[in-house]
Structures are given as C-alpha cells and as structure tokens.
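A.B. asks: Structure of the sequence below:
(chains A, B and C)
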Amino acid sequence: MSLAIPNGLDNSSEKPGERAPLVLGDTTYHDITESVCKVAERKPSTSWVIGFLISFALLQWLTVCILYLIYTGVGVWGNRSPIFWGWPIVNFVFWVGIGHAGTLISAILFLFRQEWRTSINRAAEAMTIFAVACAGTFPGIHVGRAWLAFWLAPYPSLNLWMWPQFRSPLLWDVFAVSTYGTVSLLFWYMGMVPDLATFRDRSTNKFRRFAYGVLSLGWSGSSRHWMRYEKAYALLAAFAAPLVLSVHTIVSFDFAVSQVPGWHTTIFPPYFVAGAIFSGFAMVLTLMIPARKMLGLEQLITIRHLDNMCKIILATGSIVGLAYGTEFFIAWYGQVQEEQFAFLNRAFGPYWWAYWTMVTCNVISPQLFWFKKFRTTPWIIVIISIFVNIGMWFERFVIVVTSLSRDYLPSAWAYFTPTWVDWSMLIGSFGLFFTLFLLFCRLMPVINMAETKATLAKQHHMSHADKH
Amino acid sequence: MSENNEKKIHGISAEYESVDSLLNACRRVRDAGYKKTDAYTPFPVHGIDKALGIQPTILPWIVLGCGLTGTVIALVMQIWMNTYDYPYIISGKPYLSLPAFMPIAFELTVLFASFGAFFGMWALNGLPRFSNPLFTDPRFDRVTDDRFFLYVDASDDLYDSAAVTELFKQTGGEHINTVLEDDSPDKIPKPIFMMWGLVIATSVVPLLIILKMRVTNSDLPRFHIFFDMDFSPSKDAQQGSTLFADGRAMRTDVPGTIARGESGYDLDFMTGVQMDKLSAVDKPGAERLVRLTLGPIGPQDEGPADSAEEEVGEDDAPKAPGVMETIPWLTANPLGNSREVLERGQKYFGIYCSVCHGLNGGGNGLVNRRAIKILPTQKTQNWIPPSSLHQESLYAENYAEGKLFSTISNGIRKMPGYAGQIKTKDRWAIVAYVRALQQSRNATLDSVPSDRQEEIIERQNQVQQELQEQAEAEKAAAEEAAEN
Amino acid sequence: MAKMNDKEANHTVIAEILIPMSEHDTPQVKSADDPAFQLPATLGSLSLPLCIGGLVALLAGWGIANSIHARFGMSVYLTSFMYCISIALGCLFFVILQHLCRAGWSVVVRRIAETLMLMVIPLGILFLPILGTLFAGEGILYRWDDPNHALENHLPIIAWAEKTRWLNSSWFTIRAIIYFAIWSALALFYYRGSTGQDATGDKAITDRLQYWSGPAIMMFCGATSFAAFDWVMSLAPMWFSTMFGVYVFAGSILSAHCIISVSVYLLQKCGSIREEVTVEHYHDLGKYMFGFVFFWTYIAFSQYLLIWYGNIPEETEWFYHRQLDSWGTISIVLILFHWMLPFAGLMSRHVRRNPKLIFSWAIYLLLLHFVDIYWMIMPESAANGAEASPEGVKGVLASILSVTGMFAFMIGVTLSIAKRNRIIAFQDPRIRESIAFENI
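C.D. replies: Numbers count the residues shown, from 1 in each chain, chains lettered A, B, ... in the order given. Reported below is the predicted structural model:
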C-alpha cells in the first residue's frame, strides 16, 4: 500500500511511559555530523541547480518589477480607490505569517522542552529570516517613495524638523518587524556558531576554512562557553517567544485599531497569531518534506517530527476556524449594521470565491489530520500544507480587499483587479525566498547538529536507564 | 619537533569517547583540586557544570539591565518626541497616549535585551578569538564532531604534567597531548588584507562623492531621477484650469468655512455693518449678508452676491445713492487705537497691502512700479493704478471704518477681497493703521503731546539738514561727473 | 551503533559506580497504600466544616448584598460563581492539555487539578439561582431579560429584537445546560480514566485519554468562550468584544496554575507527596504562572487598546464605566497588581525555585483573580436608572463573604472527593519521568 511507512522509520506511535526515539537507526554522533555536513560539502545535485536557477530567475524578475515600480510609481499595481492596500499588503502579512514558525519552533517549543524541535529548528529559523526579508520588501516599496523609507526611523532630521508618529500602528509595525528580523537573525546565527565550527574543522580547502573560521568566531566547545551559551540561548528564547506573539499582534493592530467594518474586532490579535503559526508550520512542512528526501535526512527528520507538526497545524487551524465562527457570531450578536454587512459581503458578496477558498483550505483541509494515516504520509502532508498556504494567502486577501472594497461609503465601492505587476511580485517573492533557502541549504548546516547530538546522548542515556 | 622546547606550554589535554567517561574524569579532576580546567564537547553536556565546578554566569543581570534600558529609551523617546518636542493630535488621541506607546516600548525592551544576551554572551566568553593553542592539535578538530576533551591549564596552582597525565590515563583519557603555543603566522594573508582594504576604499567613494556634492556648487541643471515627482502635474497657486467653471485652479473656501480661531465674533465685527440698523431698514439684504458671512448657503446664493458686488465695484460714479452708501456702516473701530493694534496693523499692512498701495499708502507700491516699467505704452493706458489712500474721499468722515473694513474683506474694482487671507482681527487692525497713515499726512504739531513736541522739532531739523547735505553731495558728484 | 554501544556500556559501568546518582536513578514509585499518596487527615477533616461554613457564608454574603438591591445581590452571587467556575474550568483545561501534549513533568500534580475540575458538577447546581432570576422576575440580573429595557434606554428596536433572539431566558437555559453537560462529561471522563488507572495501571487508559484530548479541547474552548459571552458579557447587553471569551479564559488558566501550586504546597506541608513533587515542579508551575500573567496582560491590553483606539461609542461604553470612580481605581489596581507586580516578582528563577515564594505568589494571584472577576461583573450591578458602585463597606464585605463562602464550599467538596482517592496519579505510565524531571 502506498500509505505504508518503510519499516524501521516509523516512530510516530509512542507507548505511554516510553518516549519514542527522535533520531532513528544506529546513528552515532559522527553519523549526524556526516549526514548534515555532506549536504554542504558534496557537489550540488542537478535538482538543486535547476531549482536554484528557476528561483534566481524569478528573483531577477522581482527585481525588474521593483525597479519598474519605483521608476513609474505605485500606479502600476491594481491598488485603486478605495482599495489602497491591495496585494502588497496581502503579501506582506502572508510572508510575515510564514516567518512565525521558525521562531516559534526555536523559542516556544524550546521553552516547552519539546525535543523534537532540534532537527527542524535550524531550517525553520532560516525560513523565518527569509520570509521576513520577503515581507519587509512589500511595505518598503508600498510607501511610494521607497528611497525615503528611512523617514520612518526616529532620527533627528535637519530637513524635516519632525518626528515619526508613534501613535500609529504602522510605525509599531516598522519597529516590530525590524526587531523581529534582528532578533531572529541573532538567534539563528547564535544557534549556528557551534555547527559552523564543525564545518570549519571539517573543511579541506583554505577558503572554506577561513570563511567558516571567521563565522564560527573561534568556537572551541569549552564547557564554560557552552554554559553561557545555553543561558543566552534560553534567554533569547524567552524573549523571542513573546516577541513572536507581538509581531503578528501588531500586524493585526494595523487593521483592528481602525474602524473599517470587518477589521475592527478584538479577536484579531490571538487569531492572527494562530493563523501565522498555522501558515508557518505549513510552509515548514512544504519545504522540509522534499528537503529531507533530497538531502537524505530521513533519520533525523522523522515521521514523528512530521506527525507533531501536523498536530500543530490541526490545532491552530481549528483555532482559526473557531475565530472565523466567533467573528461571524459577534457580527450578528453586536447588531451593528456595517459589521453584519461586512461579514455577509465576505461570504456572499463579489469575493465569495476567495472566502470559500479560504474556508476550504484553512478550516476543512487540516481536519484530515485527525486521521493518523494522513499525518504520517509525507506526500499527503505536502498537499495539505500547500492547501493551507493557499488558504492563508486568501485569508489575508479576504481581510484586506473585501473590507476595503465595500466600506461605509457605497458610492466609492469598487472591485479589485490585480495587474501583471501584482502577479509578478507575488511570484517573484517566492523566487527571493527560495533563492535564499537553497543557498542556505548549500552553505550552512541545515540541521542543528549540536542539539541533535545532545538529544541522541539523552536517548542513549534513557535506553541505558531503562535496562535496569 | 625540536622547537617544542622553546614554545610555551599551555597545559595538557586528553581525549574521551563518551559523555559518561568525560563526566567521570571531570569529577576526578575537580576532586583532585584542579581549578583551571575546562572540558570541550561537541554539544552541551548536562551536568558538566557541577562536575567541573563552573560558577553560574552573570549574563541574566546584564540582560535585565539592557532590557530595562530599552524600555526606558523607548518610553522617553516616544513621550518626548510626540508629547513635547513635536506634539500634534492624531485620531483624536491625547499627546501623551501611553497605551499607544506600549507596543514600541515592548519591542525595544526585547531588542535591547536580545542584544544584551547575544553580545554579552560572546563578550563573557572572550569570543571571537581566532587563535587558540588547543587548535594546534589536529585531533582537536573532532571536538566539534564526536570527541570530548578535558584540559588542565599549566597556570593551575597544582599543575604537574606527570600527575595530570597519570590522572587522565586513569580516567580513560586517550591521546594525552601537551598543548603548545600556536606558532602559525598571525598575520592576515596579504590577498585577504588587500581585498579588505579595497572593499573599504570603494565603500568610501560614494560617501566622498556625496560629500563633495554637498559642499560645491555646480552650473549644471539639477538631475531629476524622478521627473514627475519633482515636477508633478498638479496645479500651482494662481494657475488656470479648464476643469472648473471659473477657470481657476485654486478653489475658494466652501461657503461658511470658518478658520481656526475665527469663531465667536459678533456679526458687526465680522461684517463692519451695524446689523441691527440694517435689518431694520433692509431685512432681506441683512439676511443675505448674514448668509454670505456665516453660511450655510447654497451655490445659488453665491451668484447674486457676487454680481451685486461687481455692480457696486464697477459703478465709479453712482447716479443714485447705491447700496454702499445706504448701509449703516460701523463708524468706530471695535479694536480701538492702542499701540498694539497699530503695530499689528502696520505689520499686516506691510505684508498684504503695501505691495500695491506702497508702504506709505500713496498707491505706488512695487506692483505698480513694476507694471509701469514693463507694460508697453499702449497697455499702460489700461492699467489702473492702485488707489492712493490719501484721497479725501477715503478719509474717515467720508468713508466709514466699517466700509473700509468691508472693502478690505470683499475687495473693490480690481482689488480682490482679503477675507480669505487676513484674519478678521487683523483686518480691523489694518483699518486702524490706514487711519493712522492718513492722519500722518495731515497732522499738525498740536496733535503731538506737548512733552514730545520738542523732540519732534529736533528730529525734523535733523532730517532736513541731512536731506540738504545729501542734496549738496549729489550735486557735487554730478558736477564732478560732468567735468570728467 | 555496535561499537558505540560497547564503549558506552563500559563507561556506563564506571558511571554506575562513580556518579552520585541524581539523574541516572530511575526513581522508585511508592506502593499504593503509602500514606504519602493519601489526603492528609488534617485536611480531610476540614471537608465538612468548609462545606457548611462555606454555605453559611455564601448565604450570609448573598443575603446582605440582596438587602442593598436585588441586582446587586445577584451580581455578587454571579461574581462568586464566576470566580469558582473559572478556577474549575482552568483545572479542566490543564488536565486536557497535559494529555494533549503527552506531558511528563506534570503527572505528579495532575490529580490535584483532576479533583478540582470535578467542581464543575456541584457548580452546575449553584448555577440554578442565576437561572432562577430569569424566571422569577424581569431583569433581576440580566438587563436583556427585562422586556422594557430597550424602550427605557432608547435602543434600536430592530437590533434589540434580533438580539433577544439569542438573549432570552429559554435559549439561555438550554445553552447553560449544554455547557455544563460538556464540561461535566469531560471532567468525569478524565477523572474516571485517571482514577481507574490507579487500580489497574492499564496503559491503554492513557492512550484513550490522549486520543480524545483533541476533540475534548475543541469542545471545551467552544463551550467556555460562549459561556463567557453569555454569563458575563451579556450583563452589558449592547456591548460586545470577540476577544472576551479568551480574556476570561486567560484569568482562568492562570488561577488554575495558582491553585495547583497552593494545593501542592499545603499537601506537602501536611506530609504528603513530599518526595514526588520537587522544586523542579514548583519551578515549572512558577514559569507557567509567569507566562500566564503575561498572557492575561497581553489579552487584556489588546482588548483595551483596540477599543480605546477605535473609539466607537457602543464599544467604549464598557471601559468607560470602568474608568469612573471606584471602578477606575480597581482598573489601576489591576494594571499595577495583576500585571506589573507579579510580572516583576515571578521573573527570577530564584523565586520560581522557592516553594514558599511560589505559594505566596499563587495566593496573591488568586486574590487578584477575584479582583479581576469583580471588575468584570460588578460595574454592571446598578439598579435600573442608577450608577453602579461597590455600595460601600457593606457591599464590599458582602462580596467578599459571598465569594469566600462559595470558594470554601467548593474546596470542602473537593476535599471530600479527594479523600476517596489518591492525591497523585501514581500508576500513570509517566510517573517516573515526572518524578525524575529536571529543568535545564
């Protein structure tokens, strides 16, 4: 049967009282080093090269579009009155949401001592940073005069003689997203230093030794260093956890502090956060399942890892579904005409197709994960994850476009139509994302070797302890 | 390896194959009393701090300090910038909106605390440090792979190489190795150094170019990257437009618009008319005037009002007494004649009136002079020069204060109304100042307070003398020029 | 692996001899009859006095409050009820969540929550007076129950007609029955499963409990969110906030962790589970308390910020009432003492690893949880056409007496149940892992 899992690789079921292994097979410390390092050390595979070329071409196309946009003006987008926040903001919120899983896996799962995070956290963190880079692009060019975007920073300006407007959620966004990007970068890099030292010590040519030598800062594995390192890691995790909540909360404030019907609702902060985690995990799965196959990391990224991530998708997907329901209920319960209209308009107005795509992909498709068979079959997971990604893009589309297209002033109602630039930029942003991700796979340790070894050590330890 | 003896010995290291043997060895080394020891492992080993006797780190305190700094900076920055230095109202929120300042306070707390954790950790660890004597041993490369090392430093009080070696052997240590000074060249390789220098040098170039541009002038026209942003197709003030019926690009205020600080005046003050009297005489006229001043009025009211004014304006010699004559104007300036009012009037007269009427009110302002200078002769005939304010017909007894005020507000002949530009109070101040100007031409010495008459006479003489001297000097200069 | 195993094995032998076994030991679980697993007699004997005294205090408090006016009396009663049920629901959520996550660390304290969560059943009976107000008169507690309310307050008639399709006494009663049915069923299912395991040690029970934890948590969330809308939010019938259920839940899960900490500390004081629950468990409970203080703040702040910023009259009304007079003081108290003080106090690892301090903070937060509930409910307690106020010392005393009474009654019933079973799930397959658990 196609759904069967290869023997010996199924660690998805766990007997109560015993913990299923997270590293499979007769793996030694050295095996972990070998399997992770060879990803970066061997010659790039054909599929990598093809993938990279395609992504890079898309990235170039994005660059061309951005230059065209800057030279011509934001009129090249489909943003028209009253829909001034069209696709660029949809894409921004979409990518920021994707960027949540990495730090969530690193920080929150770390704080909750979920050891299964160790073999997926590195790639997920990298994903976070690349997604935030994609996200940051959109508001950057959406401001119109992108070359003056630095006006958002509170610097003493001799030309302006004024300060930014700190009571605006859009400025909170600038601070939140840039803080998030910075802290994620620190977190990612810090976690990578011991592994970069491994790369350094294994490198055979001078250039690699020098480059990884500089990047690994002279890491020696000293216990004193490890002690402070772990402390710093725990502290960063403790900050990153509320940070990750705050970022999408603040993104939700962009909408919710306004009075636009369908935007102004108090459930937005937790609902956006749940949605972000939801889409982030879907993206991790979409990427990791092909990657583990191509890079030969099935013993480290096991079925149990996938199973757990599917459960998180199921949980957050259900929360999102509950939030959709609550919004609808309160719109009716509150008896405010505009709110009621906004929600009916979402579901049965001109954008009904977007709304029902969203509901199908976000609420219904993850319900398949109630069944274990779906949670443990990689190709099904990939399909559902892609559905979730599509659904979450549509969620942002529904929120941004339907509310704006029909607000308080019926004479200004309009229907949004994207232009070719809108399309190109959405696709191009995937080019940026995948280019960075593929480079990361080639140049950096894709799995946290040090932590995985520590998990392995614990696993050995427990199996010894169980013998007597 | 003959040079080994000359090299400094740093300590001894031994290699272990498993966590447990390392932990065991650590405890033995600690119990033997060695203090300057360290273990090197490919991953953090749980319990090694106790086994080696490592003290907890002060990092959390550094992080707490950084975090609090972040909070304080964020709050002080936002409150100072938005509440004190550059206060303005947005979304009807108070200047000091603490709830709105919370998100950034939180973000900066996290940012600073994270910097504290990240940089604090590397600083406490003494990293980056690229040269490490332990790295001289090629076996030490496996410390980041699958081997565990224990190291005793030579500077330890109890250090004795034989004893340490023996201890290592007992605990199962392999490949016991004396750690020697790293004698590899510590100079940065030349190509890297040069590349580094080149990068720095090139990165300075744009800065230098910008700097040069900032301090030098150029005859070349400015380079416009985004032409349509520098010269937007929008209309400027005073330009024409085909879009509107009146052909003007600038739009007038919506009728009934009241500028900030302009509300709360009574009707007499706003119109210059004694409204009570007017309504007694001409009720519909009074109503129309009120609507015109206060609004709200529909566009249909605008038409008749305009034409009425034009009628009055163009009628230079009215046959029958016109509206302007019958209106019961205010005869006294409601602001009075204080010095303050006159100075204010002088200021606004200087700004708005003097360009046409001249600083002295003689009607020969800059506009008039330039018009006469540049207009071809045939057109000069059509040029209506601004009125001199020193005509008798404009004196207070012929031209009531209220009427003057109304003229300033609504305009006359070619002169546009200034109600949109000058505030009501300032218009009254101008009225007062015009009166002062008119008086200045006809004033006698008697109108000056007696204690200051002398001063005036002295000043008069002085000026006359100066004028005489100037005339003589000019004469002399002219003669000199003629001689040459 | 083979070569590794040999060497590891060798070293393990050495380790066996040399390492003082803190982490290596597989802890031995005491036998079933061990007194450490029983409810201490000192606590058990308190059960009846607490029940009786509690009921007396509840009736006295309620009576005093009723003498002020009827709505005040019922509001005081509702405050007490919400306080108790939010704690019980927090415990129910805690238990389901531990099963959902297959948590190991919490096994030694889970039985405490399991016993407390059963309180949703007696609280279902204590809910009857609240239902009674709907049938005994018009708008005694809930304004929407008063047919003249819309007219007197000039509310839009159509909107009101729609609203009362949801807010009417029969549908409200049916919903309450549904909520209690869901909660009671979940509580009984998890309690029976866990105590059943005490007898048999059957691991399949754990599997079963885990299997149903997903749907259970979904049902729990739905019921709790709507119960918060129904019972508290509808006190101000025209006001609405989508987040309100989450807000009530945040206080509830926080107080659940507090009451678990308090119970563990008291049980240990009286001589039970001293070796099973270690400082590590206090550390974890402390972390969760800290985390949920933050979570409560996050939800409370977000709700406030969005309404404050949007500044729409029908929404700001609720907060506006709570900024006037004594309610304003209570709002400030919540900011300072429900957020800032415990946030700063629980930040340090040293505090969290000190059982006595955790106990004190837990008591403190339980008190503040009452202030929070009081702040949600009492500003709506005004008689028709009057301004709400705490009604002076008399009113405050009545509120405190009433909540103390109901809480004492709840604890009394809990103790009588706890007497019948062990106070620790000692047959849970993860009990050893839990006892040996260490924070990193």
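A.B. asks: show me what contacts the nearest residue in space to A:Thr137 that is not next to it in sequence?
C.D. replies: Leaving aside its sequence neighbours, A:Thr137 sits nearest to A:Ser429 (C-beta to C-beta, 6 or more residues apart in numbering or on different chains; 6.8 Å). To be clear about C-beta, it is placed using only N, CA and C from the backbone, and glycine gets the same treatment. Contact analysis of A:Ser429 by C-beta atoms under 8 Å, 6 or more residues apart in numbering or on different chains lists A:62, A:91, A:95, A:134, A:137-138.
A.B. asks: dump the residue contacts of residue 124.
C.D. replies: Going with chain A. Contact analysis of A:Ala124 by C-beta under 8 Å, 6+ apart lists A:101-102, A:105-106, A:280, A:284, A:288.
A.B. asks: other chain: chain B
C.D. replies: Residues in contact with B:Leu124 (C-beta under 8 Å, 6+ apart) are A:228, B:57-59.
A.B. asks: Among the residues you listed, name the buried ones.
C.D. replies: A:228, B:57, B:59 (16 or more other C-beta atoms under 10 Å in any protein chain shown).
A.B. asks: how about the helix or strand containing the first one, does it get close to chain B?
C.D. replies: Element membership for A:Arg228 (DSSP states H and E) is helix A:223-256. Yes. Judged by C-beta under 8 Å from any C-beta of the partner chain, helix A:223-256 comes into contact with chain B at A:223-232, A:235-236, A:239-240, A:242-243, A:246, A:250, A:253.
A.B. asks: Please list which of those are also close to chain C.
C.D. replies: Subset of those in contact with chain C: A:230, A:242, A:253, counting by C-beta under 8 Å from any C-beta.
A.B. asks: Determine the number of other residues adjacent to the last one.
C.D. replies: By other C-beta atoms under 10 Å in any protein chain shown, 26 other residues sit near A:Phe253.
A.B. asks: In contact with A:Trp370, which residues are there?
C.D. replies: Taking C-beta under 8 Å, 6+ apart as the criterion, A:Trp370 is in contact with A:314, C:214.
A.B. asks: Just the pLDDT for it.
C.D. replies: Here, the pLDDT recorded for A:Trp370 equals 88.
A.B. asks: ditto for C:Ala383
C.D. replies: We have a pLDDT of 76 for C:Ala383.
A.B. asks: That one and C:Met74, how far apart?
C.D. replies: 11 Å (C-beta to C-beta, to the nearest Å).
A.B. asks: Excluding sequence neighbours, find me the nearest residue to residue 51.
C.D. replies: Since no chain was named, I'll use chain A. Nearest non-adjacent residue to A:Gly51, counting by C-beta to C-beta, 6+ apart: A:Leu438, 5.8 Å away.
A.B. asks: Chain C was what I was after
C.D. replies: Closest to C:Cys51 by C-beta to C-beta, 6+ apart is C:Gly412, at 3.5 Å.
A.B. asks: quick one: least confident helix or strand in chain B?
C.D. replies: Every helix and strand in chain B was compared by mean pLDDT, DSSP states H and E; the lowest is helix B:299-314, with a mean of 40.
A.B. asks: For A:Ile250, give its distance to B:Ala100.
C.D. replies: Distance from A:Ile250 to B:Ala100, by C-beta to C-beta: 12 Å.
A.B. asks: same deal with A:Phe329?
C.D. replies: Using C-beta to C-beta, A:Phe329 is found at 29 Å from B:Ala100.
A.B. asks: what about those two, which has more around it?
C.D. replies: For A:Phe329 versus B:Ala100, neighbours defined as other C-beta under 10 Å are more numerous around B:Ala100 (26 against 17).
A.B. asks: ok so, going back, what separates the residue nearest to A:Gly51 from C:Leu89, distance-wise?
C.D. replies: Distance of A:Leu438 to C:Leu89, given as C-beta to C-beta: 48 Å.
A.B. asks: Those two: which is more packed in?
C.D. replies: Per other C-beta under 10 Å, whichever of A:Leu438 and C:Leu89 has more neighbours is C:Leu89, with 30 against 20.
A.B. asks: Pop the domain breakdown of chain B in here.
C.D. replies: Domain ranges of chain B: B:2-180, B:242-445, per automatic domain parsing.
A.B. asks: So which of the ones you listed has the densest surroundings on average?
C.D. replies: domain B:2-180 (a mean of 19; mean count of other C-beta atoms under 10 Å in any protein chain shown).
A.B. asks: Quick check: which ranges of the chain have low pLDDT?
C.D. replies: Since you didn't name a chain, this refers to chain A. Residue ranges of chain A with pLDDT under 70: A:1-26, A:158-159, A:460-468.
A.B. asks: ah, no, chain C please
C.D. replies: Applying pLDDT under 70 to chain C flags the ranges C:1-27, C:385, C:440.
A.B. asks: Give me the residue at the spatial middle of it.
C.D. replies: For chain C, the residue nearest the mean C-alpha position is C:Ile87 (1.9 Å; C-alpha atoms, centre = their mean).
A.B. asks: Tally up the residues packed near the residue nearest to C:Cys51, please.
C.D. replies: C:Gly412 has 20 neighbours, counted by other C-beta under 10 Å.
A.B. asks: element containing it?
C.D. replies: In the assignment (DSSP H and E), C:Gly412 maps to helix C:392-420.
A.B. asks: who are the neighbours of that helix, in terms of helices and strands?
C.D. replies: Judged by 3 or more C-beta pairs under 8 Å, 6 or more residues apart in numbering or on different chains; DSSP states H and E, helix C:392-420 is in contact with helix C:41-44, helix C:47-68, helix C:70-100, helix C:107-117, helix C:120-126.
A.B. asks: Same list, these, but as JSON lines with distance to B:Gln421 please.
C.D. replies: As requested, the helices and strands packed on helix C:392-420 are exported to JSON lines (distance: least, C-beta to C-beta, whole Å):
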{"stretch": "helix C:41-44", "distance to B:Gln421": "85"}
{"stretch": "helix C:47-68", "distance to B:Gln421": "65"}
{"stretch": "helix C:70-100", "distance to B:Gln421": "61"}
{"stretch": "helix C:107-117", "distance to B:Gln421": "75"}
{"stretch": "helix C:120-126", "distance to B:Gln421": "73"}
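A.B. asks: How is residue 360 classified with respect to secondary structure?
C.D. replies: By default, I'm working from chain A. Three-state assignment for A:Thr360 (DSSP: H, G, I helix; E, B strand; the rest coil): helix.
A.B. asks: nearest residue to it other than its sequence neighbours?
C.D. replies: Closest residue to A:Thr360 apart from its sequence neighbours, by C-beta to C-beta, 6+ apart: A:Gly391 at 7.1 Å.
A.B. asks: OK, contacts around that neighbour?
C.D. replies: Residues in contact with A:Gly391 (C-beta under 8 Å, 6+ apart) are A:357-362, A:365.
A.B. asks: Going by distance to B:Trp122, which of those residues wins?
C.D. replies: A:Asn362 (42.0 Å; C-beta to C-beta).
A.B. asks: Run through chain B and note the low-pLDDT ranges.
C.D. replies: B:1-7, B:185-188, B:294-323, B:377-381.
A.B. asks: tell me the contacts of the residue nearest the centre of it?
C.D. replies: Note on chain B: the residue nearest the mean C-alpha position is B:Tyr86, at 8.5 Å, using C-alpha atoms, centre = their mean. B:Tyr86 sits next to A:162-163 when contact means C-beta under 8 Å, 6+ apart.
A.B. asks: one more time with 10 Å, if that's ok
C.D. replies: A:160-165, B:80, B:95 (C-beta atoms under 10 Å, 6 or more residues apart in numbering or on different chains).
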